[in-house]
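1. Structure, please.
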Amino acid sequence: MKRFDVIVIGGGMTGAATALGLAKQGKRVALIEREAPVSFDPEQPMDLRVSALSPASVALLQSLQAWDRVKEMRVCPYRRLETWENTYARLKFHADSLGLPELGFIVENRVIQLALWEQCKAQEHLTLLSPACVIKIQNEESGHRVELENAEVLHAPCLIGADGANSAVREYAHIGVTGWDYRQHCLLMHVQTALPQQDITWQFFTPHGPRAFLPLQDREASLVWYDTPSRVQSLCTMPLDALKEEIITHFPKELGDIEVIKLGAFPLTRRHAQAYVKNNVVLIGDAAHTIHPLAGQGVNLGFKDVASFLSALECAKEKWHSPSVYQGYERERRFDNHMMQLGMDLLYAGFSNECAPLKIIRNAGLKLANKEGLLKRQALKYALGL
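-> The predicted model follows:
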């Protein structure tokens, strides 16, 4: 049996960041991941799954010494953000309003994960086990016993679940969830654009769901189309030429002409764990909460979890394994995550309603918010984690 201080199950972005941060604190860490990410080659086409990293998330990656490697691979900064339903009522944000060089970066999820893994492999106190499959977790008086498919047995007093929305660690800890399905699917499309590289990300609301644009490198972009499951399924089965015509018809003129390179779809769900901590089991990222992705806050909330957890343990010093320390992390993060979920739900519900008076009110609200400088800056600072 191999003994560690902490076992982290799930080696995605948040799991790798958590394990890396703990190892940098001198803790003996095992990181278990079912499937290793594909190595990077600059000639590879870009992945479908990308994230809009906030300055707070970039700061975490910098503290973990992974951000420089991310930049060496592929990133796309953006300086402007716009949201609207009608063109006369646009909410516009600009990096200059906060004195920032950019509002954030669009980065492939795999690139972020790879940069973190490279740092993980360089850590003396971190054992990276991948590909590895957990077949059994048992609670023992002194901690948690984890058995792997290859017959390896690990043990640690602290177990961290960073294994996604369908977390097996959460189930093992008997932590329930509250939530629902949004009855919407998300269609992701990687496209080539006729317009030159843009420094803006925008979101256009429709009664059926938002349409979003995320700039990538050169003349490439990621498009997001939220709609009913049947509509998204229909779009996925179309020939690419027919899909292109649907996109041009249903996206705003700001998009311009495009060519579809590849696409994928997934359902939208909202989940919140009833506890983040139980019997020295800690949930982080999607294992603790999922959110409607219309504002792109999912990975940023996960990285906020990581930063909070690492800070709590570092401040506790030799008493880091105390349950009260883990509970302090939950107190700090649960309210913020709940408020962000609530905000996204209100946006989703508010812009899905075609009631004429409500349309007038929400567009007037966007127009007013765009003029109200202080309110606008505060909202932007909150979203960026500043």
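2. what residues are up against the most centrally placed residue in the chain?
-> Residue closest to the mean C-alpha point of the chain, counted by Cα atoms, centre = their mean, is V299 at 1.9 Å. With contact taken as Cβ atoms under 8 Å, 6 or more residues apart in numbering, V299 is in contact with M13, T14, S51, L53, S57, N109, I112. Every residue, glycine included, has its C-beta placed from N, CA and C.
3. and the last one, what element?
-> With the criterion set as DSSP states H and E, the secondary-structure element containing I112 is helix 109-121.
4. Could I get the buried residue list for that helix?
-> Within helix 109-121, the residues that count as buried by 16 or more other Cβ atoms under 10 Å are N109, R110, V111, I112, Q113, L114, A115, L116, W117, Q119, C120.
5. For those residues, give me JSON lines that also has distance to N337 and pLDDT.
-> Converted to JSON lines, the buried residues of helix 109-121 look like this (distance: Cβ to Cβ, whole Å; pLDDT from 0 to 100):
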{"residue": "N109", "distance to N337": "20", "pLDDT": "95"}
{"residue": "R110", "distance to N337": "25", "pLDDT": "96"}
{"residue": "V111", "distance to N337": "25", "pLDDT": "97"}
{"residue": "I112", "distance to N337": "20", "pLDDT": "97"}
{"residue": "Q113", "distance to N337": "22", "pLDDT": "98"}
{"residue": "L114", "distance to N337": "26", "pLDDT": "98"}
{"residue": "A115", "distance to N337": "25", "pLDDT": "98"}
{"residue": "L116", "distance to N337": "21", "pLDDT": "98"}
{"residue": "W117", "distance to N337": "26", "pLDDT": "98"}
{"residue": "Q119", "distance to N337": "26", "pLDDT": "97"}
{"residue": "C120", "distance to N337": "25", "pLDDT": "97"}
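6. Would you mind giving those as JSON lines with distance to D68 added?
-> Shown next, in JSON lines, are these (distance: Cβ to Cβ, whole Å):
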{"residue": "N109", "distance to D68": "18"}
{"residue": "R110", "distance to D68": "17"}
{"residue": "V111", "distance to D68": "12"}
{"residue": "I112", "distance to D68": "13"}
{"residue": "Q113", "distance to D68": "16"}
{"residue": "L114", "distance to D68": "13"}
{"residue": "A115", "distance to D68": "8"}
{"residue": "L116", "distance to D68": "12"}
{"residue": "W117", "distance to D68": "15"}
{"residue": "Q119", "distance to D68": "10"}
{"residue": "C120", "distance to D68": "15"}
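7. just the residues you listed now: which is nearest R69?
-> A115 (4.0 Å; Cβ to Cβ).
8. before we move on, the earlier item: which of the contacts of V299 count as buried?
-> M13, T14, S51, L53, S57, N109, I112.
9. if you look at these, which of them are in helices?
-> M13, T14, S57, N109, I112 (DSSP state H).
10. Now the two most distant members of those.
-> The farthest-apart pair in those, when distances are taken by Cβ to Cβ, is S57 and N109, at 12.2 Å.
11. Please list all residues in contact with E33.
-> Contacts for E33 (Cβ under 8 Å, 6+ apart) come out as G10, G11, G12, G15, A16, L128, L129, S130, P131, A132.
12. just for this structure, where's the confidence low?
-> 87-89, 294-296, 347-386 (pLDDT under 70).
13. List the buried residues in the host helix or strand of A242.
-> Per DSSP H and E: A242 is located in helix 240-250. Neighbour-count burial for helix 240-250 flags L243, K244, I247 (criterion: 16+ other Cβ under 10 Å).
14. what's the spacing between the first one and L313?
-> The one in question is L243. According to Cβ to Cβ, to the nearest Å, L243 and L313 sit 48 Å apart.
15. go on, A66?
-> As judged by Cβ to Cβ, A66 and L313 stand 19 Å apart.
16. before we move on, what about W320?
-> Counting by Cβ to Cβ, the gap from W320 to L313 is 4 Å.
17. Compare those two and say which is more crowded by neighbours.
-> L313 (24 against 18; other Cβ atoms under 10 Å).
18. what sits against the more buried one?
-> Applying Cβ under 8 Å, 6+ apart to L313 gives the contacts L22, Q25, K27, W320, V325.
19. at 10 Å instead, please
-> 6, 21-22, 25, 27, 158, 282, 319-322, 325-326, 328-329 (Cβ atoms under 10 Å, 6 or more residues apart in numbering).
20. rewinding a little: common neighbours of S57 and N109, please.
-> What both S57 and N109 touch, as defined by Cβ under 10 Å, 6+ apart, is the set M13, S51, V299.
21. dump the residue contacts of the second one.
-> With contact taken as Cβ under 10 Å, 6+ apart, S51 is in contact with 13, 57, 104-109, 111-112, 214, 293, 296-300, 302-303.
22. do that again at 7 Å, thanks
-> By Cβ atoms under 7 Å, 6 or more residues apart in numbering, the contact set of S51 is V107, N109, I112, G296, V299.
23. now W202: how far from A122?
-> The spacing between W202 and A122, counted by Cβ to Cβ, is 39 Å.
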